[in-house]
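Peer 1: Pasting the sequence and the predicted coordinates here, then a few questions.
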There are 2 protein chains.
Amino acid sequence: MTQDTSDSVRIADLLHSAAIHLLRRVSRHDAASGLSAARLSALSVIVYADRVTMSELAQAEGVRLPTISRLVDGLERDGLVLRQTDPSDRRVVHLTATESGRHLLEEARQRRIGDLAARIECLPAEEQATLAAAAEILDGLGK
Amino acid sequence: MTQDTSDSVRIADLLHSAAIHLLRRVSRHDAASGLSAARLSALSVIVYADRVTMSELAQAEGVRLPTISRLVDGLERDGLVLRQTDPSDRRVVHLTATESGRHLLEEARQRRIGDLAARIECLPAEEQATLAAAAEILDGLGK
DNA sequence: CTCCCTAGTTAGCTTGGCTAAGCAAACTAT
DNA sequence: ATAGTTTGCTTAGCCAAGCTAACTAGGGAG
């Protein structure tokens, strides 16, 4: 029982630090996109959700509505996303990525994933399997 | 060969998204520290490195020197870190955390790890082992 | 001593975070 | 209906955090 707790704390610690290092590493390529970290992250949510409201995006980014509003101003000005007011409830604004937004994000994603995949490819098959299994478990953990 | 590549891309993709979700989740507790994300992250580097120069910190954070300089101004003003010029090369500034800085960081870390550990603890032992193994592999991957 | 390089800081800008206040659309209730 | 409330977003105004360019000061090479 006490053992269970200290084990999970140890694992949590390792995973936490691994996640930090992983993201620090892959995000070094993001500058090539020409977008700031905040905009790239918001664009990513919009692209993968296909359609989100301002409020949903704010919550996903862990940021307040006014922050998102200005961030989207920038993305819209750059032609990466579109605002569309919902006809059935004219208070809500839906966001969708433009073709150019999707394209830009896909390139950024490939740079990140490519870096990581190249290093994973050098691992023995067994370790690759462990990583894949762990990723699935973590996915479930997020509820 | 082609299979190897597409496998590692698939795994990279899963891990990347798992890392993002993991950090988004645990960082929700950071507001309780009273520090901004940038300051908390810088403090964490200083505490774990024990002693770093401004340049080292800038590189670790993926940010330019002037940004770090002002960030450290804030941390110093809050009594969380100390600047000390190196006597053997008076151009370089070493940073160390104060007791209060270390304490604040430790609390923030516990909030993050505690959240994660609690969820890991609910997993079957086998899945916990997989996570632990994966974390070790990822650690090695960062070189 | 002169020149240049390196480490940090300062200045001035833009972007990204916040709260408070505003506004219009959609509810609720009398 | 219409008065009041709630909801979703925007605007305004503040401060922190990012950048580049320009400066200061210490070290090293000649």
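Peer 2: Yep, that arrived.
Peer 1: where does chain A come near DNA strand C, residue by residue?
Peer 2: Taking CB under 7 Å from any atom of the strand, the part of chain A that reaches DNA strand C is made up of A:36, A:38-39, A:61-64, A:66-67, A:70-71, A:74, A:88-91. The way it works is simple: take the backbone N, C-alpha and C, and place the C-beta from them, glycine included.
Peer 1: Which of those residues ranks first by neighbour count?
Peer 2: Among these, the one with the most neighbours (other CB atoms under 10 Å in any protein chain shown) is A:L71, at 22 neighbours.
Peer 1: Pull the CA coordinates from the strand or helix carrying that residue and hand them back as PDB.
Peer 2: Taking DSSP states H and E as the definition, one finds A:L71 inside helix A:65-77. Output in PDB follows, covering the C-alpha atoms of helix A:65-77 (Å, rounded to 0.1, in the frame of the first residue of the first chain):
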ATOM      1  CA  LEU A  65     -11.600  34.100 -23.600                       C
ATOM      2  CA  PRO A  66     -10.100  37.600 -24.300                       C
ATOM      3  CA  THR A  67      -6.700  36.000 -24.800                       C
ATOM      4  CA  ILE A  68      -8.200  33.600 -27.400                       C
ATOM      5  CA  SER A  69     -10.100  36.300 -29.000                       C
ATOM      6  CA  ARG A  70      -6.900  38.300 -29.800                       C
ATOM      7  CA  LEU A  71      -5.000  35.200 -30.700                       C
ATOM      8  CA  VAL A  72      -7.700  34.200 -33.300                       C
ATOM      9  CA  ASP A  73      -7.600  37.800 -34.600                       C
ATOM     10  CA  GLY A  74      -4.000  37.100 -35.600                       C
ATOM     11  CA  LEU A  75      -4.700  33.700 -37.000                       C
ATOM     12  CA  GLU A  76      -7.600  35.100 -39.000                       C
ATOM     13  CA  ARG A  77      -5.400  38.000 -40.300                       C
END
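Peer 1: just the residues of chain A next to DNA strand C that are near chain B?
Peer 2: Applying CB under 8 Å from any CB of the partner chain, the subset of the residues of chain A next to DNA strand C adjacent to chain B comprises A:G62.
Peer 1: what's the most distant pair in the residues of chain A next to DNA strand C?
Peer 2: Farthest apart among the residues of chain A next to DNA strand C by CB to CB are A:S36 and A:S88. That separation is 33.6 Å.
Peer 1: and the closest residue to A:A132 other than its chain neighbours, how many neighbours does it have?
Peer 2: Once flanking residues are discounted, A:A132 sits nearest to B:I11: 4.8 Å by CB to CB, 6 or more residues apart in numbering or on different chains. Using other CB under 10 Å, B:I11 has 24 neighbouring residues.
Peer 1: do the same with A:A32
Peer 2: Neighbour count for A:A32, taken as other CB under 10 Å: 10.
Peer 1: part of a helix, is it?
Peer 2: Yes: checked against DSSP: H, G, I helix; E, B strand; the rest coil, A:A32 lies within a helix.
Peer 1: so how far is A:E121 from the spatially closest residue to it that is not a sequence neighbour?
Peer 2: Leaving out its chain neighbours, the residue that sits closest to A:A32 by CB to CB, 6+ apart is A:R111, at 6.2 Å. Distance of A:R111 to A:E121, given as CB to CB, to the nearest Å: 16 Å.
Peer 1: try A:V26
Peer 2: Distance of A:V26 to A:E121, computed by CB to CB: 15 Å.
Peer 1: Between these two, which is the more surrounded one?
Peer 2: A:V26 (21 against 15).
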